[in-house]
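Asker: Predicted model, plus sequence, below.
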Amino acid sequence: MNIAKYNELKDKINAENSLWLEIIIELINEYNKHVNYHLIQDLVLRMLDKKDLFNENVNLLNRLVLELGLFPYVDADGLDFKTKLGVGVFLSPINQETKFHVKQAEVYYRIINGENIVLSAPTSFGKSLIIDALISSQCFNNIVVVVPTIALMDELKKKFHKHKATYKIITQSNQDAAEKNIFIYTQERVIERNFKATNVDFFIIDEFYKLAPSSNADYRCDRLNIAFHKLYNICKRFYMLGPNIDGIIDGLEDDLNCSFVKFDKYKTVAADEFYYELKTKGKDEYVDIERDKYLTRILKNISSDEQTVIYCKSPKRANFLMSKILAMGFTKKHDENKLFTRWLRDNYHPEWSLANAVDYGVACHHAKLPRAIGAFIVDSFNKKRISVLVCTSTLIEGVNTNAKNVIIYDDCITGRTKLDSFTFNNISGRSGRMFEHFVGKIHIIGSRPKQQLPLIDIPIVTLSENASDSMLLQIQNDLSETNLTRIFKYTHQQILPIELINKHQGVSPEKLLNFADALMEQCGKWHNVMVWDSLYPTKDQLNHLCFILFKYFSLSRMGSGAVKTASQLHTRLRSIMSHESDLKLINDEYSYWKSRNVDYKPDDAVQVIFDFKRNLVSYNLPKIILAINDIQKLIFSRFDYSFGDYTNFCHALEAHFELPTLVTLEEFGIPMQVSKKIAKIANITAEDNIDITLSKIKSAAEKKEVINSLGEFETSLLKSIVCFL
């Protein structure tokens, strides 16, 4: 089949008065030419989308579906016994209803028979179903699944919950292991986890192309490489998957004893792409005028019962666009959301735009939202309580939704950096879904990226120029003289031992050395304000710590500028130590700035507090302060001074000065506001680990005291979550 014939048949399928029998026969004739099967498959999917219109000829189409290996779509009612027997071969071990398509079956059986597979396939291929099948086969006792985002971790945790009778599902780095386990981790948690007592016999890396750095300072790539190196050293069996890869660097297949498999043209949903060229150039505020005209036209033509995902390059853009869409008036009031929106207003701010938008079936999703809220929004979208979801790449990377339509509002990743083909294919792959929509629609406002299908490097294996200093320091015993020269400045300095630098992977080695050097110079001067071990440091002690964080660790660049000075950081940390609620923090922030800037909005205050708590308090600050702690111990000891211990302070800060497990419960879908209400009734203590905490919450969920302490939304939320604990 050539493109001209493909377009002709596509037009016939889309026509109102199509001669279905004629189209099916033409498709069969084209199939028998054995050329460009992927074009025929695309047309067959479009026919399946309309099969209710030609019931009398559906058996003929069914035969073509069989020939293409699309067994999940086969209607078994019209099959003879022999054909049914043949299709039965493609049943997956998940259950008697779930069938592989022919390419899924190939990958699955090659892995089961001992191969390591690196798979490149489109989003609609069903790569994660292969993971589900591998778990169901029970061929492996301990499986590690590495994913790029918390959102995807949450989705897989729910998807694999059905295996709880056989496997313990572990998502936290400090959870105790059982006899058989599925570890669902980000790369950071793989690094944190001690697997010595666990015999890992299989590992999986999703979105494996992220092993290749996208910039000179791609710290998450560094950590993914280190996680891969750690897992490969303890287990030689793996499956890595991602979309639209041309191949892996020469030699890697032999070095890793794996096979690269490419099925980029085998799709299970079809898609129509529509392009809207932007003539305006310059800043977003000018280009958005043209973007919004296109967006209005697109949304106007989308049916009110269809789900739509809209991609934006940043959380701030997502919030802003959500409000603009609400003002366009294309959606109706969703009364089923009123309990949720009332809860948002009561717990964050009465004028938060997210609450206003969700009232009308519109929402945004990005990494700066509290995790429990983000998870609930995705769940609401998939249950069709939200019809338009504006999101950033954190939702795009692997999380499945019911969207028929995808709109790419920003054709760039950040600033003016254009979308690369990986991100574009991930975004566009969200349109359509098996058994939901055979044909998705992708609207691209701006330009489509050129298809770049690079060879993927794994620098920690190849030790190419892509390997960062941070990676090389982790494996210095395996390095050649050439690579040892690259890290000479670290291995031959006398300030900090390499073990300490490696322990704090994720904090720049340069920054660690600069601070250590400064501390040696100021040892006597700083000693009094640095020797403390209290959970609540004094004003002077905390002030000095804030000074160090800003001067030596570039804190002003973190958390989207949520904290601009050391004194401001001191004030914000005191608010966390005083257990001030999000509602109070946001109200205080808004009141302060509104009196100084009439254009300041409640959303601005909400975002600043989210940035501070999510990016700084929950992650960066504890990580950096633990590094400072180790350095002051070392340097003060070296000069025969007493030293402090900030460990307890760090752990308390990471837990927002609440019970340690309550922050973790956010990842299980329970907001902090809810878990704090339950904690006392469920008798959760500081000594309880996350498994004990979850068990106590599950036991307490039906108690009258718990239900009476919660609002109506909180009660329904808890009930929906408990079934996955």
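Answerer: Noted; the coordinates are in hand.
Asker: Okay, helices next: where are they in the stretch 401-550 of the chain?
Answerer: Along the stretch 401-550 of the chain, counting by DSSP state H, counting those that start in this stretch, helices occupy 421-428, 459-462, 469-474, 481-486, 488-491, 498-503, 509-521, 523-530, 539-553.
Asker: Confidence-wise, which helix or strand of the chain is lowest on average?
Answerer: Across the helices and strands of the chain, the lowest-confidence element by mean pLDDT, DSSP states H and E is helix 421-428, at a mean of 74.
Asker: now the most far-flung residue of the chain relative to its centre: how far from Ile3?
Answerer: The outermost residue of the chain relative to its centre, with distances by Cα atoms, centre = their mean, is Asp640 at 46.6 Å. According to Cβ to Cβ, to the nearest Å, Asp640 stands 79 Å off from Ile3. C-beta: built from backbone N, CA, C; applies to glycine.
Asker: try Thr423
Answerer: Thr423 is 26 Å from Ile3, by Cβ to Cβ.
Asker: Same check on Ser575?
Answerer: 62 Å.
Asker: Show me which of these two is the more surrounded one.
Answerer: Ser575 (16 against 9; other Cβ atoms under 10 Å).
Asker: domain parsing for the chain?
Answerer: As assigned by automatic domain parsing, the chain contains the domains 3-88, 102-262, 270-445, 493-654, 660-722.
Asker: how close does Asn59 get to Ala403?
Answerer: 31 Å.
Asker: Just want to know which of those two has more residues nearby.
Answerer: Ala403 (26 against 13).
Asker: and the more buried one, what does it touch?
Answerer: Ala403 is in contact with 307-309, 381, 389, 430-431, 433, 440, counting by Cβ atoms under 8 Å, 6 or more residues apart in numbering.
Asker: Return the item of these having minimum pLDDT.
Answerer: Ranked by pLDDT, these bottom out at Arg433 (66).
Asker: any idea where the strands of the stretch 151-300 of the chain begin and end?
Answerer: Assigned by DSSP state E, counting those that start in this stretch, the strands in the stretch 151-300 of the chain fall at 168-170, 181-185, 202-206, 238-242, 247-248, 259-262, 270-276.
Asker: I'd like to know which of those is closest to Leu710.
Answerer: Closest approach to Leu710 among those (Cβ to Cβ): strand 168-170, 25.5 Å.
Asker: pretty sure Arg110 is touching Ile117, no?
Answerer: Yes. Contact between Arg110 and Ile117 holds when scored by Cβ atoms under 8 Å: they sit 5.9 Å apart.
Asker: Need the overlap of contacts for these two.
Answerer: Shared contacts of Arg110 and Ile117, counting by Cβ under 8 Å, 6+ apart, come down to 259, 261.
Asker: picking up where we left off before, figure out which of the domains of the chain is closest to Thr462.
Answerer: Nearest to Thr462, of all the domains of the chain, is domain 102-262, at 5.8 Å by Cβ to Cβ.
Asker: hmm, back to that, okay, the helices of the stretch 401-550 of the chain in TSV with mean neighbour count and distance to Lys633 next?
Answerer: TSV is the format used below for the helices of the stretch 401-550 of the chain (neighbours: other Cβ atoms under 10 Å; distance: least, Cβ to Cβ, whole Å):
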stretch	mean neighbour count	distance to Lys633
helix 421-428	22	43
helix 459-462	20	30
helix 469-474	20	21
helix 481-486	12	28
helix 488-491	14	20
helix 498-503	16	10
helix 509-521	18	11
helix 523-530	16	10
helix 539-553	18	14
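Asker: Now distance to Ile143 too, for the strands of the stretch 151-300 of the chain, in JSON lines please.
Answerer: Shown next, in JSON lines, are these (distance: least, Cβ to Cβ, whole Å):
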{"stretch": "strand 168-170", "distance to Ile143": "10"}
{"stretch": "strand 181-185", "distance to Ile143": "5"}
{"stretch": "strand 202-206", "distance to Ile143": "5"}
{"stretch": "strand 238-242", "distance to Ile143": "10"}
{"stretch": "strand 247-248", "distance to Ile143": "22"}
{"stretch": "strand 259-262", "distance to Ile143": "20"}
{"stretch": "strand 270-276", "distance to Ile143": "32"}
